[in-house]
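**Student:** task: produce atomic coordinates for the following.
(3 chains)
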Amino acid sequence: MENTETALAETEPIRLRLFDWWSRYARDLPWRFGRTTPWGVLVSEVMSQQTQMSRVVPYWTAWMRVWPDAASLAAAPKAEVITAWGRLGYPRRALRLQECARQVASQYADRLPRDYDQLVALPGIGDYTASAVMSFAYGERIAVIDTNIRRVLSRVFLGRESKGGAASREERQLAWQVLPEDEDPEASDHRVNGDDRLETADPQIRSAAWREPPSARWNQAVMELGATVCVARKPACDICPLAGHCRFLKAGLPGLGSGRTRPRQRFAGTDRQIRGSILQTLRQASGAPVSRKDLKPLCDDEIRLDRCIASLDEDGLLEIGQDGSLSLPQ
DNA sequence: GTCCGGTGCG
DNA sequence: CGCACGGGAC
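**Tutor:** Numbers count the residues shown, from 1 in each chain, chains lettered A, B, ... in the order given. Have a look, this model is predicted:
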């Protein structure tokens, strides 16, 4: 850890440069800069768990217009929730989000808890999402740890790639060590507001970025840098605001892109693709029951087709009627 | 074809 | 810990 100490001496110039970059280049996503509710932030995080932010935006906007709070989502028919989830992917998360909404509505009187342990106990909310809500929505000082942040911090401060798998103790320690202090305790309250207007913001709203607590600003800026500049395979070091302070760049990018160990799972030709196409067919049927033979064109292997139908049934993503017809659940 | 990530479960 | 889980950008 001796190398870390010298790197940590540079945290202040790194912060200044990163904050400046963030205020100029942060993407103007509708759930940022205090323009939505804590619930809206949670919805954006759940949708972003699996999908690029740019793809999430139209879904989030439409979703929040229909279900602006947990109580309204809790009361929605499942079929409508699955349909609104559209092609975002991993549709079980849509059902988990609705179950989460039901718990928030019933257990917390439709107020999202401002407490990590209560958040992480909700369905579909793990360590990352609970931390993200605490930081981004409530301005609480907490280290947010996702793969983007792990990659950026490991490169900049340790000079090497982050390894695959769960975050190591060293990584968690580093994230807490470089997390800025929030001097003004009042500042952490300003994010709680009832304003969930969805229109595109004036670009000057970005001055709001400077009013967020430093820890929340830091978490978002590091994550944004990892998503747009310090990407896994081909980092754009030539435009990186931290290039002059990055130990990984200084060391010559040793083992660039070697961090991921997880063998990539193919998608084309897998059960997942079949499941997705079955669900899409049911969505397009808009409530009308679909027979098994209508799904034959999706998959020539009937054993596999039945397996996919059964797994969707187990996940609660479809219902099988008495006559064997299929439909989205109510 | 290759790349991409968090959550839940076994 | 290893694995399942979509879908689109490139």
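
**Student:** roughly how far does A:G86 sit from DNA strand B?
**Tutor:** 15 Å (Cβ to the nearest atom of the strand, to the nearest Å). For every residue, glycine as well, the C-beta is placed using N, CA and C.

**Student:** tell me the contacts of the residue of the stretch 1-150 of chain A found nearest DNA strand C?
**Tutor:** In the stretch 1-150 of chain A, the residue that lies nearest DNA strand C is A:G89 (2.8 Å; Cβ to the nearest atom of the strand). Residues near A:G89 by Cβ atoms under 8 Å, 6 or more residues apart in numbering: A:50-51, A:276.

**Student:** for it, give me the pLDDT.
**Tutor:** Note for A:G89: predicted pLDDT of 93.

**Student:** any idea which helix or strand carries it?
**Tutor:** Assigned by DSSP states H and E, A:G89 falls within no helix or strand.

**Student:** ok, now A:L305?
**Tutor:** Per DSSP H and E: helix A:302-314 holds A:L305.

**Student:** need the contact partners of that helix.
**Tutor:** By Cβ under 8 Å, 6+ apart, helix A:302-314 touches A:271, A:274-275, A:278-279, A:292, A:295-296, A:298-299, A:318-320, A:326.

**Student:** out of those residues, which one sits closest to A:A105?
**Tutor:** Closest approach to A:A105 among those (Cβ to Cβ): A:E319, at 23.6 Å.

**Student:** where does the residue nearest to that closest one when sequence neighbours are not counted sit: helix, strand or coil?
**Tutor:** Nearest non-adjacent residue to A:E319, counting by Cβ to Cβ, 6 or more residues apart in numbering: A:P329, 4.7 Å away. Using DSSP: H, G, I helix; E, B strand; the rest coil, the three-state assignment for A:P329 comes out as coil.

**Student:** ok, A:P329 touching A:E80?
**Tutor:** No: with contact defined as Cβ atoms under 8 Å, A:P329 does not count as touching A:E80 (10.6 Å).

**Student:** and the pLDDT at the residue nearest to A:E319?
**Tutor:** 93.

**Student:** what sits against it?
**Tutor:** A:P329 touches A:78-79, A:82, A:316-319, counting by Cβ under 8 Å, 6+ apart.

**Student:** can you give me the distance of it to DNA strand B?
**Tutor:** In this view, A:P329 and DNA strand B are 17 Å apart by Cβ to the nearest atom of the strand.

**Student:** can you read off the backbone torsions of that residue?
**Tutor:** According to degrees, to the nearest 10, the main-chain angles of A:P329 amount to phi -70, psi 150.

**Student:** my guess is A:W67 meets A:L73, correct?
**Tutor:** Yes: using Cβ under 8 Å, A:W67 is in contact with A:L73, at 3.9 Å.

**Student:** compare these two (neighbour count), which wins?
**Tutor:** A:L73 (26 against 22; other Cβ atoms under 10 Å).

**Student:** pretty sure the more buried one is in contact with A:A101, am I right?
**Tutor:** Yes: here A:L73 reaches A:A101: they are 3.9 Å apart, a contact under Cβ under 8 Å.

**Student:** which residues are in contact with each of the two?
**Tutor:** Counting by Cβ under 8 Å, 6+ apart, the residues touching both A:L73 and A:A101 are A:W67.

**Student:** re earlier: only whichever of the contacts of helix A:302-314 are buried, select them in ChimeraX.
**Tutor:** To isolate the buried ones among the contacts of helix A:302-314 in ChimeraX, judged by 16 or more other Cβ atoms under 10 Å, type:
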select /A:274,275,278,279,295,298,299,318,319,326
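
**Student:** count the neighbours of A:R114 for me.
**Tutor:** Look at A:R114: counted by other Cβ under 10 Å, it has 15 neighbours.

**Student:** how about the strands in chain A?
**Tutor:** For chain A, the strands defined by DSSP state E cover A:319-320, A:326-327.

**Student:** what parts of chain A come near DNA strand C?
**Tutor:** A:50-52, A:55, A:87-92, A:165-166, A:263, A:265, A:267, A:270-273, A:275-277, A:279-280, A:311 (Cβ under 7 Å from any atom of the strand).

**Student:** which among those count as buried?
**Tutor:** A:55, A:88-89, A:91, A:272, A:275-276, A:279, A:311.

**Student:** nearest to DNA strand B, of those residues?
**Tutor:** For those, the nearest to DNA strand B is A:G89 (6.9 Å; Cβ to the nearest atom of the strand).

**Student:** how many residues are close by A:L317?
**Tutor:** A:L317 has 21 nearby residues by other Cβ under 10 Å.
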